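**Q** Below is the sequence, then the predicted model.
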Amino acid sequence: MSVAIEVRGLAKRYGDVEAVRGIDFVVARGEVFGLLGPNGAGKTTTVEILEGHRERTAGEVSVLGHDPQRRERALRERVGIVLQSCGMYRHVTVREAVAHWAGFYPHPRDVDEVLDLAGLSEQAGVRTGRLSGGQLRRLDFALALVGDPELIFLDEPTTGFDPAARRQAWDTVRSLRDLGKTVLLTTHYLDEAQALADRVAIVQDGRILAQGAPGDLGAGSTRYRVAWRDAEGEAHERVTDDPTGLLHELTTDALARGERLEELSVTRPTLEDVYLELTAGGDARA
Ligand SMILES: Nc1ncnc2c1ncn2[C@@H]1O[C@H](COP(=O)(O)OP(=O)(O)OP(=O)(O)O)[C@@H](O)[C@H]1O
Ligand SMILES: [Mg+2]
């Protein structure tokens, strides 16, 4: 396995705030890795350290074989970034902004192709100050892609997108993966993480609570949820690690009463269930 990002014992303190308290993870080349976690968990801090925008307090960090803290141009040219919030270029058109940004890279992609990938072809001639919030976010996306980077950091890339734009952004991330790019993204949308990420880490209070493939995090749990409606239409739900026994019991009782278990379902926990369970209890510092 070729490694794109390696983080060991990373810590970051802002004065009294311990934003990141010793986290470890490895992202393989060609992988889409998701950082999930509540507001203030330390995701942006971690991403900005990897981007070279913040200095760490402790730990080892390697990004494409470089220490990002040294801010070497050779690394910057290989990385694309979507910041959590961005607001430059208000007086130029979308195409001009992307073309200008392309000039910072040795081998940029074609500007119109990037506008198309980001879903901004129709706005190419519009001044960026006139874009809607979601369109501005797409511009951030375009700026991250135009340098044809090997590694792309996406901090909440689809926040504020309408559902169709979100699906389009997902297609963009998938096409990046198909091109062999590595993507590190943060998101609050667990369906997005489930749809895009090969692996995720769930972060809270600056620590990683769990990491793995989204499907494995749910399936790793031995609990099943059995749900049904009774004859009066009332919804019931039971959690069990032995669905066979529970179903036998439920169906035997129902048949004895001459009833049916309407809408009977047996499901494994989703990524969202696992996330909510792990992060329940909130911020230990609050
Ligand atoms: N420049 C700063 N100075 C002081 N504290 C900061 C600074 N930046 C972040 N913090 C604190 O560090 C902690 C982690 O913040 P961070 O932005 O990394 O969280 P996050 O996981 O990205 O949250 P969100 O989901 O809201 O974007 C928070 O408690 C935040 O208040
Ligand atoms: Mg953040």
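**A** Looks like it came in fine. Ligands and ions are numbered 1, 2, ... in the order given.
**Q** Next SSE downstream of the lowest-mean-pLDDT helix or strand in the chain?
**A** Counting by mean pLDDT, DSSP states H and E, the weakest-scoring helix or strand in the chain turns out to be helix 214-219, with a mean of 78. Using DSSP states H and E, the helix or strand that follows helix 214-219 in sequence is strand 224-229.
**Q** any residues touching the helix or strand just after that following strand, and which ones?
**A** Per DSSP H and E, the first helix or strand lying C-terminal to strand 224-229 is strand 235-240. Here strand 235-240 makes contact (C-beta atoms under 8 Å, 6 or more residues apart in numbering) with 223-230, 246. C-betas here are computed from N, CA, C, even on glycine.
**Q** Now do the same contact list for residue 104.
**A** Residue 104 is in contact with residue 147, counting by C-beta under 8 Å, 6+ apart.
**Q** Ligand 1 versus the residue in the stretch 1-150 of the chain positioned nearest to ligand 2, what's the distance?
**A** Distance from ligand 2 to each residue of the stretch 1-150 of the chain (C-beta to the ion) is smallest for residue 44, at 3.1 Å. Between residue 44 and ligand 1 the distance is 3 Å, computed by C-beta to the nearest ligand atom, to the nearest Å.
**Q** what about that residue, helix or strand, and which?
**A** Here residue 44, judged by DSSP H and E, is contained in helix 43-51.
**Q** If you count contacts, what does that helix end up packed against?
**A** strand 3-14, strand 17-28, strand 32-36, strand 58-63, strand 151-155, strand 182-186 (3 or more C-beta pairs under 8 Å, 6 or more residues apart in numbering; DSSP states H and E).
**Q** Give me the below-cutoff pLDDT ranges for the stretch 1-150 of the chain.
**A** Within the stretch 1-150 of the chain, the stretches with pLDDT under 70 are 83-88.
**Q** Pull up the residues of it that are close to ligand 1.
**A** 14, 17, 19, 37, 39-45, 84 (C-beta under 6 Å from any ligand atom).
**Q** For the lengthiest helix in the chain, buried residues please.
**A** The longest helix of the chain (DSSP state H) is helix 163-178. The neighbour-count check on helix 163-178 (16 or more other C-beta atoms under 10 Å) flags 165-166, 168-170, 172-173, 176-177 as buried.
**Q** residues contacting the closest residue to residue 251 other than its chain neighbours?
**A** The shortest distance from residue 251 to any non-neighbouring residue, by C-beta to C-beta, 6 or more residues apart in numbering, is to residue 261 (6.5 Å). For residue 261, the contact set (C-beta under 8 Å, 6+ apart) comprises 228-230, 250-251, 254.
**Q** let's go with 10 Å and repeat that
**A** Each residue near residue 261 by C-beta atoms under 10 Å, 6 or more residues apart in numbering is listed here: 226-231, 236, 247, 250-251, 253-255.
**Q** Tell me, how many residues neighbour residue 121?
**A** Neighbours of residue 121 under the rule other C-beta atoms under 10 Å: 14.
**Q** Setting aside sequence neighbours, what's the nearest residue to it?
**A** residue 115 (5.1 Å).
**Q** Give me the neighbour count for residue 268.
**A** Residue 268: 16 neighbours (other C-beta under 10 Å).
**Q** Verify the stated contact: it with residue 214.
**A** No. The pair residue 268 / residue 214 is not scored as a contact, 11.9 Å apart, by C-beta atoms under 10 Å.
**Q** Residues that sit against both of those two, list them.
**A** By C-beta under 10 Å, 6+ apart, the residues touching both residue 268 and residue 214 are residue 274.
**Q** Show me which of the contacts of strand 235-240 are buried.
**A** Buried members of these, scored by 16+ other C-beta under 10 Å, are 224-226, 228, 246.
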